[in-house]
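Q: Turn this into a model:
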Amino acid sequence: MPPIARTGTQRPAQKPLSIGRLMEYSELFLARAMHSDYPAEAQLAARLLENVTLYSNWEQSHGRMMRDVAAISKPTGQLVELRRVSFSMLHRKAPFEYLRERHIRGPARRLLIQRLFGTQHYGRTLVREHAAYISSACSYLCADSLCGEMLGDEAFCEALADYETAYAEYYRAYCDSLLADTDTDEAAPLNALLPYLRYQLKVIRDHLLAGAPQKSDFMELKSLFSKSGDTQKLPVLNFNVAP
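A: You can find the predicted model right below:
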């Protein structure tokens, strides 16, 4: 994901945010994002806002998450819930991001869809995942901006950007392992790396969700990120699998 376009400095909220305020902010954020200097962000917002059905579905799903945030009586509690939303949406958009970034096509794409979702309905699943990607990516952008601007949690936003990179690395290795031929030596290094990456992400995620860590605590996580699989060269796999 691109860096998130900020909308200017605001004072952190001193009172809990209502569902109306949360949705109003999210909708205005997406309207501004259409004209963002970050092309990927602008494209996501445009695809959502220009598709009536997709936008209606997003409004309902995002609204449910924002109602959970609004139901919490203190800004600190709302902040933790928004962090949960950010992680949930980051994870949900991962499948289609992998397909796009790895340029998975043809039989390999069909095989991956089957192994990820356990379904033979390839076409319908692909359409569903594309819609889920746009919706969850837009909610992710909104939640991140709400954390940073409305609730003053810029340290979390910075840490989340690092986590997103680490999670993309993990998910790439995971999907690569699903496509690797288990009868060859290609799958072995991937399968050996996955438990370590998964545990590392859990440690980081648990820390970021634990109340309100100080900025210094976030900075200490850099040592975890620097030791991730990002420092290891993953194998280049051949995804020309048989149908």
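Q: Ramachandran angles for residue 153?
A: Residue 153 adopts backbone torsions of phi -100, psi 50, taken as degrees, to the nearest 10.
Q: The nearest residue to it once chain neighbours are set aside and residue 189: what is the separation?
A: Once flanking residues are discounted, residue 153 sits nearest to residue 147: 4.4 Å by C-beta to C-beta, 6 or more residues apart in numbering. To be clear about C-beta, it is placed using only N, CA and C from the backbone, and glycine gets the same treatment. With distances taken as C-beta to C-beta, to the nearest Å, residue 147 is found 36 Å from residue 189.
Q: can you check residue 197 too?
A: In terms of C-beta to C-beta, residue 197 sits 12 Å off from residue 189.
Q: and what of residue 88?
A: 30 Å.
Q: who's more crowded, these two?
A: residue 189 (18 against 15; other C-beta atoms under 10 Å).
Q: Does anything pack onto the strand or helix carrying that one? Which helices or strands?
A: Element membership for residue 189, per DSSP states H and E: helix 187-208. Where contact means 3 or more C-beta pairs under 8 Å, 6 or more residues apart in numbering; DSSP states H and E, helix 187-208 is packed against helix 75-92, helix 154-179, helix 222-226.
Q: Apply 10 Å and report the result again.
A: helix 75-92, helix 154-179, helix 215-220, helix 222-226 (3 or more C-beta pairs under 10 Å, 6 or more residues apart in numbering; DSSP states H and E).
Q: Those helices: which one's closest to residue 132?
A: Closest of the helices and strands packed on helix 187-208 to residue 132 is helix 75-92, at 6.1 Å (criterion: C-beta to C-beta).
Q: For the closest one, list every residue counted as buried.
A: Going by neighbour count (16 or more other C-beta atoms under 10 Å), the buried part of helix 75-92 is 75, 78-87, 89-90, 92.
Q: Of those residues, which is the nearest to residue 169?
A: Out of the buried residues of helix 75-92, the member with the shortest distance to residue 169 (by C-beta to C-beta) is residue 90, at 12.9 Å.
Q: Now for the closest one: which residues touch it?
A: By C-beta atoms under 10 Å, 6 or more residues apart in numbering, the contact list for residue 90 reads 1, 97, 136-137, 139-140, 143-144, 160, 163-164, 167-168, 171, 205.
Q: do that again at 7 Å, thanks
A: Listed by C-beta atoms under 7 Å, 6 or more residues apart in numbering, the contact set of residue 90 reads 140, 164, 167.
Q: domain assignment for the chain?
A: What automatic domain parsing lists as the domains of the chain is 18-152, 153-235.
Q: Return the most buried member of those.
A: Sort the domains of the chain by mean neighbour count, taking mean count of other C-beta atoms under 10 Å, and domain 18-152 sits at the top with a mean of 17.
Q: Dump the contacts of residue 90 into CSV; add distance to residue 119 and pLDDT as well.
A: Converted to CSV, these look like this (distance: C-beta to C-beta, whole Å; pLDDT from 0 to 100):
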residue, distance to residue 119, pLDDT
140, 25, 97
164, 27, 92
167, 24, 94
